[in-house]
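Novice: Output the structure for:
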Amino acid sequence: MVPAAAPRPPLSRTRIRVAWGIALAVDAIQIPVEVTGPVGWLLGVGLDVVTMVVLWAMLGFHWAFLPSFLTEWIPYLNLAPFWTLAVALATRGRGDAGLPLPTEALK
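Specialist: Next up is the predicted model:
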């Protein structure tokens, strides 16, 4: 029997926006860096390690970070925006302000 997963705590809008900004910036930086050859690949690997640590610290562990981190180590595969996809999956439904329920809106 598998225990039910504990609900993840909500994240502030600022954290979500900063995480999205980091992921978009890293993916945008890696495209021209990857094309430069082996030196760019080594710089990209270092950028991936830093990105993994920062996003993990900001959002907590999420399974989507692992494939993103591993596929970024394969040359020319990291031209796809894997960090942006990982942040989209990690922040999905974790915002702190939800829509009010109909009964709360009438009060």
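Novice: Please enumerate the strands of this structure.
Specialist: For the chain, applying DSSP state E gives no strands.
Novice: hmm, which helix or strand of the chain has the shakiest average pLDDT?
Specialist: helix 102-106 (a mean of 53; mean pLDDT, DSSP states H and E).
Novice: State the distance from the nearest residue to Gly40 once chain neighbours are set aside to Val45.
Specialist: With CB to CB, 6 or more residues apart in numbering as the measure, Val33 is the residue that lies nearest to Gly40, at 4.3 Å, once sequence neighbours are left out. C-beta: built from backbone N, CA, C; applies to glycine. Distance, Val33 to Val45, by CB to CB, to the nearest Å: 10 Å.
Novice: So for these two, which sits in the more crowded spot?
Specialist: Val33 (18 against 14; other CB atoms under 10 Å).
Novice: pretty sure that one contacts Leu42?
Specialist: No - Val33 lies out of contact with Leu42 (CB atoms under 8 Å); the separation is 9.6 Å.
Novice: Against Val45, how distant is Trp83?
Specialist: 13 Å.
Novice: And Val54, by the same measure?
Specialist: 15 Å.
Novice: Likewise for Ala28?
Specialist: Look at Ala28 and Val45: by CB to CB, they are 17 Å apart.
Novice: now Arg94, nearest residue through space, not along the chain?
Specialist: Leu11 (4.8 Å).
Novice: Burial check on the one you found, number of neighbours?
Specialist: For Leu11, the neighbour count with other CB under 10 Å is 18.
Novice: Just the pLDDT at it, thanks.
Specialist: If you check Leu11, the pLDDT there is 79.
Novice: who does it bridge with?
Specialist: Gly95 (DSSP bridges).
Novice: Wait, it touches His62, no?
Specialist: No - contact between Leu11 and His62 fails when scored by CB under 8 Å: they sit 11.1 Å apart.
Novice: shaky segments in the protein?
Specialist: Low-confidence segments of the chain (pLDDT under 70): 1-9, 72, 75, 78, 95-107.
Novice: center of it - which residue?
Specialist: Val87 (2.5 Å; CA atoms, centre = their mean).
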